[in-house]
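**Student:** give me the fold of what follows.
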Amino acid sequence: MGGRLLLGQGDSAAPGSSSISHRRAASSDLFENDLATARRAIALVNGPIVLVGHSYGGAVITETGTDPNVAALVYIAAFAPDVGQSAGSLGASVAPAPMAEHVRPDKEGYLKLTAAGIKRTSPKT
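**Tutor:** Below you'll find the model as predicted:
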């Protein structure tokens, strides 16, 4: 029996599938840990598996998709770098997103919107 592994920013997973949330700032250590986590999850599935990556998860499925049990890769609004290319390098040639200046990692490495960013995005009442 195969399975699905969902990689991205969401915490919920469909019944019968696994989900790994990636809300942390991208660094090489975190990326390597995420690759190891995905590889462990792939190893738990007997049979073919479809990897689904959203956002940063696309970079993870690109690197782990070479496993012989991986039947397909699905990118949903995801980074799709070449193997060995970082997700961050894909955006290097374009202007930063308008809210990028308001996103900061917390002490655990999770990305958070600053108070100024929250105020900027809050509807005027």
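**Student:** ok, S86 to V45 distance?
**Tutor:** 27 Å (C-beta to C-beta, to the nearest Å). C-betas here are computed from N, CA, C, even on glycine.
**Student:** could you do G58 as well?
**Tutor:** 20 Å.
**Student:** those two: who's more crowded?
**Tutor:** Higher neighbour count among G58 and V45: G58, with 25 against 19, using other C-beta atoms under 10 Å.
**Student:** which other helices and strands does the helix or strand hosting the more buried one contact?
**Tutor:** According to DSSP states H and E, G58 maps onto helix 57-64. In terms of contacts (3 or more C-beta pairs under 8 Å, 6 or more residues apart in numbering; DSSP states H and E), helix 57-64 is packed against strand 3-8, helix 28-43, strand 49-55, strand 70-78.
**Student:** measure how far that helix is from the centre of its chain, please.
**Tutor:** Offset of helix 57-64 from its chain centre (C-alpha atoms, centre = their mean, to the nearest Å): 8 Å.
**Student:** then stretch 81-95?
**Tutor:** 13 Å.
**Student:** so which bits of that stretch are buried?
**Tutor:** P81, A87 (16 or more other C-beta atoms under 10 Å).
**Student:** does V94 belong to a helix, a strand or coil?
**Tutor:** coil (DSSP: H, G, I helix; E, B strand; the rest coil).
**Student:** if we can go back for a sec, among the helices and strands packed on helix 57-64, which is nearest A116?
**Tutor:** strand 49-55 (23.2 Å; C-beta to C-beta).
**Student:** and the angle from the closest one to strand 70-78?
**Tutor:** 10 degrees (axes from the mean of the first three to the mean of the last three C-alpha atoms, to 10 degrees).
**Student:** run me through the strand neighbours of strand 49-55, direction for each.
**Tutor:** strand 3-8 (parallel), strand 70-78 (parallel) (DSSP bridges).
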